[in-house]
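**Student:** below: sequence and its predicted model.
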Amino acid sequence: MSEKVLFVCSKGFPEGAYIPQHEPVISAFDHGFLYGDGVFEGIRIYDGAIFRLDKHLDRLYRSLEYLGMEVPFDREFITDHMIEVARRNRIVNGYIRPVISRGDGDLGLNPEKCKHPTLVLIADTIILYPKEYYEEGLRLILSSIPKNSKKALNPNAKLTQYINNIRAVREANLRVAQEAMMLDSAGYVAECTGDNIFMINKKGLCTPTTENALPGITRETIVDIARNIGITVHEQRLKPHHFYKADEVFVTGTAAEVCPVREIESNIIGDGNPGPVTRQFMEEFRKATKDPKYLTHIHQYSGRS
Ligand SMILES: Cc1ncc(COP(=O)(O)O)c(C=O)c1O
């Protein structure tokens, strides 16, 4: 198969261009590269349809607003080119990654010097966790690295700035775990490095509020599913020990989908196997990925009217 392409629109490609995925496209002076000054999304394609596109675009524009970044790319422009890049790369089941950075500037921090934001759209297949993690559950650690304080950097925005999360992933790697639970500055569980986290106990389904976490779109889908199947949802402040003694724990994210947790900091969750409620959510989430109300079909999409 021919090499995959990506779409780029930037100072260097002002009209926008489809170019081979591995060709260099970013200026060394792009403030996304120099300073992490940018935003991104991770979006799934299931059977030729984009899952929850509107929600991802809403969050993308909220993240841009947080950075005070005005861009010439509207929702239709981004959608048209995301769909085209997915079509050109023949992605049926995969992943789209829109990234917008402040663009080419000088070596100073001042964003005013960046007159042309950079948009890059990548569509590719996605590497999942291996199957056994879904069957046996993940090992989690409690990271020693806290989330950034909300006042310094609001975790509600999805920024190209994952340094703390990457440091937490390194801790997990060193301790041969697959994910790390991260606390907010007050010691409450916020989320994992790339996922939101849920637990099940006799009260129902409990999850941290999104005050110090990314408002995950998979998280929102799970909350909707719970309400539809009659499981009570509690969005509340939770400490690590609440998770240690939960009946079941699972994480959610666009990449991970719904993945059971078997162990956190050597505490075995339940009997150490994915529990029945987690399995039910895995099953219901699978159905949601086929639900027309969440889907934008890439071959039926006719673009800007
Ligand atoms: C830090 C963090 N939390 C949570 C999530 C899950 O969000 P979503 O379900 O929208 O992918 C992600 C992934 O995007 C993430 O990076």
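**Tutor:** Nice, thanks for sending it over.
**Student:** contacts for stretch 45-60, please.
**Tutor:** 39-41, 43-44, 75, 78-79, 82-83, 86, 91-96, 98, 100, 123, 158, 215, 217, 220-221, 254, 289-290, 294-299 (Cβ atoms under 8 Å, 6 or more residues apart in numbering). For the C-beta atoms, the positions are set from N, CA and C on the backbone; glycine is no exception.
**Student:** before we move on, what about stretch 132-146?
**Tutor:** By Cβ under 8 Å, 6+ apart, the list of residues contacting stretch 132-146 from outside reads 129, 164, 167-168, 171-172, 175-185, 192-193, 240, 249, 251, 259-265, 269, 272-274, 282.
**Student:** these in helices, which ones?
**Tutor:** If you go by DSSP state H, the contacts of stretch 132-146 have Asn164, Arg167, Ala168, Glu171, Ala172, Pro240, Met282 in helices.
**Student:** of the contacts of stretch 132-146, just the buried ones, ChimeraX syntax please.
**Tutor:** In ChimeraX, the members of these classed as buried (16 or more other Cβ atoms under 10 Å) are selected with the following command:
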select :164,168,171,172,177,178,179,180,181,182,183,184,192,193,240,249,251,259,260,261,262,263,264,269,273,274,282
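**Student:** on that earlier part again, among the contacts of stretch 45-60, which are within reach of the ligand?
**Tutor:** Cross-checking the contacts of stretch 45-60 against the ligand (Cβ under 6 Å from any ligand atom) gives Ile217, Thr254 as the overlapping residues.
**Student:** now the buried members of the contacts of stretch 45-60.
**Tutor:** Burial by neighbour count, 16+ other Cβ under 10 Å: within the contacts of stretch 45-60 this picks out 39-41, 43-44, 78-79, 82-83, 86, 91, 94-96, 98, 100, 123, 158, 215, 217, 221, 254, 289, 294-296, 298.
**Student:** inside strands: which ones of those residues?
**Tutor:** Within those, membership in strands is found for Val39, Phe40, Ile43, Arg44, Gly94, Tyr95, Ile96, Pro98, Ile100, Ala123, Leu295, Thr296, as judged by DSSP state E.
**Student:** can you lay out those as TSV showing pLDDT?
**Tutor:** Putting those into TSV (pLDDT from 0 to 100) gives the following:
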residue	pLDDT
Val39	98
Phe40	98
Ile43	98
Arg44	98
Gly94	97
Tyr95	97
Ile96	98
Pro98	98
Ile100	98
Ala123	98
Leu295	97
Thr296	96
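**Student:** columns distance to Tyr35 and pLDDT on top of the ones in helices among the contacts of stretch 132-146, output as TSV?
**Tutor:** Formatted as TSV, these follow (distance: Cβ to Cβ, whole Å; pLDDT from 0 to 100):
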residue	distance to Tyr35	pLDDT
Asn164	16	96
Arg167	18	98
Ala168	21	98
Glu171	25	98
Ala172	26	98
Pro240	33	98
Met282	39	98
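**Student:** between those residues, which is nearest Ser63?
**Tutor:** Asn164 (16.8 Å; Cβ to Cβ).
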